[in-house]
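S.K.: with the input below, show me the fold.
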Amino acid sequence: MGNVIRIPSKIYTRLEKHARGFDTPINVIEKLLDHYEGVTEPSPHEQPRVTPLSGRDTTKYIFNGKQFGKGRLVLAIVHQYVIDEPDTSFADLLVAFPKHLQGSNGVISTLETAEDIVQRTAHKRHFLKSKELVQLTDCTVAVSTEWGAGNIDNFIRQAESLGYVITLNEI
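M.R.: Next up, the predicted model:
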């Protein structure tokens, strides 16, 4: 885990003005550092494709020879991680894929928490079909569906640091 930086409310409010969509504070800080350091070219993962009619980012990724959108990519990688590490517990998976990668809800939640969110808010924020759930040694988890151009890069960098190869689908 990295160092903790306490940011005064006034500065945090200023940072929020530069956030878009699912940006996390770390994404905003990284963009500001890139700007300050003169980095002008975003990484291949940070070049979203936007369809002209909907304005939606339709970037597709290749993982294990299959094409995925953002949410399904995360789901596939988490499933693969548990296949590769069959003794994974909930705590282990949180270390591999920390909450901050996604933002407010985290990459994974226990099935009970994910179902509670649906009950409380009437919004499904996790993959909840039986084949989408991930069985760990100590519980069943659901993977977040809340992925966008502002937070998928964090997850991809983490997955790559764990040895997974993800490529941008150049259609």
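
S.K.: hmm, V78 is touching Q102, no?
M.R.: No: assessed by Cβ atoms under 8 Å, V78 is found out of contact with Q102, at 11.2 Å. Quick note: C-beta positions are derived from backbone N, CA and C, even for glycine.

S.K.: contacts for stretch 81-97 next, please.
M.R.: Stretch 81-97 is contacted from outside by 78, 106-108, 110, 134-139, 141, 155, 158, 162, 164, using Cβ atoms under 8 Å, 6 or more residues apart in numbering.

S.K.: what comes up buried for it?
M.R.: Within stretch 81-97, the residues scored as buried using 16 or more other Cβ atoms under 10 Å are 81-82, 88, 90, 92-93, 96-97.

S.K.: and V78 and Q102? Which one has more around it.
M.R.: V78 (25 against 22; other Cβ atoms under 10 Å).

S.K.: let me know the helix or strand that the more buried one is in.
M.R.: Element membership of V78 [criterion: DSSP states H and E] is helix 70-84.

S.K.: and that helix, C-alpha only, in PDB?
M.R.: Only the C-alpha atoms of helix 70-84 are listed here, as PDB (Å, rounded to 0.1, in the frame of the first residue of the first chain):
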ATOM      1  CA  LYS A  70     -14.400  -2.600 -19.300                       C
ATOM      2  CA  GLY A  71     -16.600  -4.300 -16.800                       C
ATOM      3  CA  ARG A  72     -16.300  -7.800 -18.400                       C
ATOM      4  CA  LEU A  73     -12.600  -7.300 -18.600                       C
ATOM      5  CA  VAL A  74     -12.400  -6.800 -14.800                       C
ATOM      6  CA  LEU A  75     -14.700  -9.800 -14.200                       C
ATOM      7  CA  ALA A  76     -12.500 -12.000 -16.500                       C
ATOM      8  CA  ILE A  77      -9.300 -11.000 -14.700                       C
ATOM      9  CA  VAL A  78     -10.600 -11.500 -11.200                       C
ATOM     10  CA  HIS A  79     -11.900 -14.900 -12.200                       C
ATOM     11  CA  GLN A  80      -8.500 -15.800 -13.700                       C
ATOM     12  CA  TYR A  81      -6.700 -14.600 -10.600                       C
ATOM     13  CA  VAL A  82      -8.800 -16.900  -8.500                       C
ATOM     14  CA  ILE A  83      -8.100 -19.800 -10.900                       C
ATOM     15  CA  ASP A  84      -4.400 -19.000 -10.700                       C
END
